[in-house]
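Trainee: Take a look and give me a structure for this.
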Amino acid sequence: MREIFMQALADQPEADALRRHLSDMVYSLMNQDKDLIGIIGKYKLTDKDIMLKIREAQSFSQLRKDYQELMLLYFNELKERRLSQDDCNIQRAKEYIENNYRDNVSLSEIAQRLGLHPNYFSTLFRQKTGETFSDYLRSARIAKAIELMNGTNMKVYEIASRVGYNDNAQFHRAFKQITGISPGQYKQKHT
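Mentor: Model prediction:
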């Protein structure tokens, strides 16, 4: 934005031409990002209405000040909205894992359900949870296995199958990675 106003200061365009150019930029940004439409619309006919400020500015410096302040306000709100959207997506992913840990749950499947690219979802998941998707899934499955060991008389292989492990050896490895002991040792100690 600074460059736009520096160029305008150097070129000395007519006030109406500058106003049109700034308005066109706002419309172009809204066209590129639909969330911005809602944010800008929210401030329509208020003291934070950018189109009104563009039309009514009495001086170049006032126009520059108002335009920069309002665009900063809008972009900060857009950023906050995006962050909360990311948090919401992670919460939805965790809920999906909680409800489907028994199945063959994959990062790609959840990313697709959320409408996100798998690489973006993977990075986002790690940023928000501090764990990779596969580590989180493994922890959720082992937590459920521990619940079953503590609350039922099921055999270890039955529990493994119930929490999404079709391969007993894989279940034993995952269990030991999380708890530090084998499922059999855990069962002996805690039941």
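
Trainee: When you work out contacts or count neighbours from here on, use the C-alpha atoms and nothing else.
Mentor: Will do.

Trainee: Mind giving me the packing neighbours of the biggest helix by length in the chain?
Mentor: Scanning the chain for the longest helix, with DSSP state H as the assignment, gives helix 60-100. On a contact count with 3 or more Cα pairs under 8 Å, 6 or more residues apart in numbering; DSSP states H and E, helix 60-100 meets helix 34-42, helix 50-56, helix 107-114, helix 118-129, helix 133-151.

Trainee: Point out where the protein drops to low pLDDT.
Mentor: For the chain, the stretches with pLDDT under 70 are 1, 5, 83, 191.

Trainee: Please report the distance of Leu116 from Asp24.
Mentor: As judged by Cα to Cα, to the nearest Å, Leu116 and Asp24 stand 30 Å apart.

Trainee: Now do the contacts for the residue nearest the centre of the chain.
Mentor: Nearest residue to the geometric centre of the chain (Cα atoms, centre = their mean): Asp86, 1.6 Å. Contact partners of Asp86, counting by Cα atoms under 8 Å, 6 or more residues apart in numbering, are Leu124.

Trainee: With Arg92 as the reference, measure out to it.
Mentor: 10 Å.

Trainee: same deal with Asn100?
Mentor: 12 Å.

Trainee: okay, the helices and strands packed on helix 60-100 in JSON lines with distance to Gln12 and mean neighbour count next?
Mentor: Converted to JSON lines, the helices and strands packed on helix 60-100 look like this (distance: least, Cα to Cα, whole Å; neighbours: other Cα atoms under 10 Å):
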{"stretch": "helix 34-42", "distance to Gln12": "28", "mean neighbour count": "15"}
{"stretch": "helix 50-56", "distance to Gln12": "16", "mean neighbour count": "18"}
{"stretch": "helix 107-114", "distance to Gln12": "48", "mean neighbour count": "16"}
{"stretch": "helix 118-129", "distance to Gln12": "44", "mean neighbour count": "16"}
{"stretch": "helix 133-151", "distance to Gln12": "55", "mean neighbour count": "18"}
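
Trainee: and of those helices, who's closest to Pro13?
Mentor: helix 50-56 (14.6 Å; Cα to Cα).
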